[in-house]
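# Got a sequence here, can you build the structure:
(one chain, ligands or ions: 1)
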Amino acid sequence: MPRFEDKLVIISGGASGMGALTAEHVVNEGGQVVTLDINEEMGKSVADKIGKSCEFFKADVTNPESWNSLEEHLGDRFNKITSVINAAGISEPATIEDETFDHWNRTHAINGTSVFLGCQFAVKSMKDRSGSIVNFASSLATRPQPFVIAYNYSKAGVLILTRTVALHCAQMGYKIRCNAVQPGAINTPMMQRYVEGAENPEQQLADFAASHPMNRVGEPEEVVRAVLFLASEDSSFTTGDSISVDGGVIAI
Ligand SMILES: NC(=O)c1ccc[n+]([C@@H]2O[C@H](COP(=O)([O-])OP(=O)(O)OC[C@H]3O[C@@H](n4cnc5c(N)ncnc54)[C@H](O)[C@@H]3O)[C@@H](O)[C@H]2O)c1
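Numbering: from 1, shown residues only. Down below sits the predicted model:
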């Protein structure tokens, strides 16, 4: 039986990169998906391409009202959700010396608050049944780089949030597991923006590769395989954990 048959999966950040690819794989494995994204044009286009088992819902996931509207929009389907995958995120460079107050707060709203709201939505939906939450952290949550201070801090927050939600659900007897993935540099639009924006794009890509012991960047499929494991019953005894998909950065 396909892993996601009879499953309903909510994916934030589903208009691009790893969120979009996860949606495609869940549908290929028999599931229904609702993708959330602030980018309506791309969100609709990706969902149309995936087919009728994928629906796009426009949402700014930093805003609690978006999650309330989603709940209302889903109606009876709110009580059928089986996984919530929080993949929406941004990464923009700033060191301790050039970070601004506004950018710091914006990064935490998108990378941190949205994950808190997504977890709250997931627990409310799934606590009387069972389910799985998967949050996108980063290798930078535990192995930070100085050029992305707000990003590092926000992703470290995602890890502790993940463990806290996992422990709460276990303590309450809810059959909800909560885990994270920690990707290294992965070849998605997020990484491509860094490469294309660099003075020497080839050198930038080589530098990203060299920061991983395996001396290459990762491909989105390599992360999505771990996400699908955590989102499905394949990981039935795993909670409060994170899987590194980072070419060995965790071992440094
Ligand atoms: N690509 C990497 O190298 C890398 C490495 C480690 C972790 N990650 C994390 O993986 C996740 C997916 O990243 P990606 O590389 O696929 O990036 P991406 O830029 O391709 O996709 C991110 C998506 O999030 C959406 N988004 C941003 N703000 C939003 C908001 N307020 N509301 C709703 N949607 C919003 C964007 O519109 C976009 O579609 C992110 O959380 C990212 O931080 C990426």
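# Any buried residues in whichever helix or strand N105 is part of, and which?
Taking DSSP states H and E as the criterion, N105 maps to helix 101-108. Neighbour-count burial for helix 101-108, with 16 or more other Cβ atoms under 10 Å as criterion, is recorded at H103, T107, H108. (Glycine included, C-beta is placed from N, CA and C.)
# ok now do the closest residue to P2 other than its chain neighbours, which residues does it touch?
Distance criterion Cβ to Cβ, 6 or more residues apart in numbering; nearest residue to P2, sequence neighbours excluded, is G30 at 3.4 Å. By Cβ atoms under 8 Å, 6 or more residues apart in numbering, the contact set of G30 is M1, P2, R3, F4, E5, D6, K7.
# again, but for R163
C178, G240.
# how much does the host helix or strand of it deviate in direction from helix 101-108?
Assessed by DSSP H and E, R163 sits inside helix 149-172. Here helix 149-172 points in a direction 40 degrees away from that of helix 101-108 (axes from the mean of the first three to the mean of the last three Cα atoms, to 10 degrees).
# Could I get the buried residue list for helix 149-172?
Applying 16+ other Cβ under 10 Å to helix 149-172 flags 149-159, 161-163, 165-166, 169 as buried.
# Which ones, among those residues, also lie beside the ligand?
Contacts with the ligand within those, counted by Cβ under 6 Å from any ligand atom: none were found.
# distance of the residue nearest to A150 when sequence neighbours are not counted from S91?
Nearest in space to A150, with sequence neighbours left out and distances taken as Cβ to Cβ, 6+ apart, is T107 at 3.8 Å. Using Cβ to Cβ, to the nearest Å, T107 is found at 8 Å from S91.
# shared neighbours of these two, anything?
Y151.
# what comes into contact with stretch 145-162?
90-96, 99, 103-104, 107-108, 110-112, 115-116, 119, 133, 135-138, 140-142, 144, 178-180, 182, 211, 240, 242.
# Would you mark the buried spots in the helix or strand hosting Q203?
Here Q203, judged by DSSP H and E, is contained in helix 201-210. By neighbour count with 16+ other Cβ under 10 Å, helix 201-210 contains the buried residues Q204, L205, F208.
# packing partners for it?
Counting contacts by 3 or more Cβ pairs under 8 Å, 6 or more residues apart in numbering; DSSP states H and E, helix 201-210 is packed against helix 189-197.
# Stretch 20-37: which residues count as buried?
20-27, 29, 31-37.
# Out of the residues you listed, which is nearest to the ligand?
The closest of those to the ligand turns out to be D37 (Cβ to the nearest ligand atom; 4.4 Å).
# Show the contacting residues for that closest one.
S12, G13, G14, A15, S16, G19, G43, F56, K58, A59, A88.
# got it, and G19?
Counted by Cβ under 8 Å, 6+ apart, G19 has contacts I11, S12, G13, T35, D37, I85, A87, A88.
# got the residues of the stretch 151-252 of the chain near the ligand?
P183, A185, I186, T188, P189, M190, M191.
# Now do the buried residues in stretch 94-102.
Neighbour-count burial for stretch 94-102 [16+ other Cβ under 10 Å]: A94, E99.
# Now the terminal residues of that stretch, how far apart.
Terminal residues of stretch 94-102 lie 12 Å apart, using Cα to Cα, to the nearest Å.
# Could you list the residues in contact with it?
H103, W104, P146, F147, V148, I149, A150.
# Check the gap between the residue most central in space within the chain and the ligand for me.
Nearest to the mean C-alpha position of the chain, counting by Cα atoms, centre = their mean, stands A87 at 2.1 Å. The spacing between A87 and the ligand, counted by Cβ to the nearest ligand atom, to the nearest Å, is 5 Å.
# cool, V249 as well?
Distance from V249 to the ligand, by Cβ to the nearest ligand atom: 10 Å.
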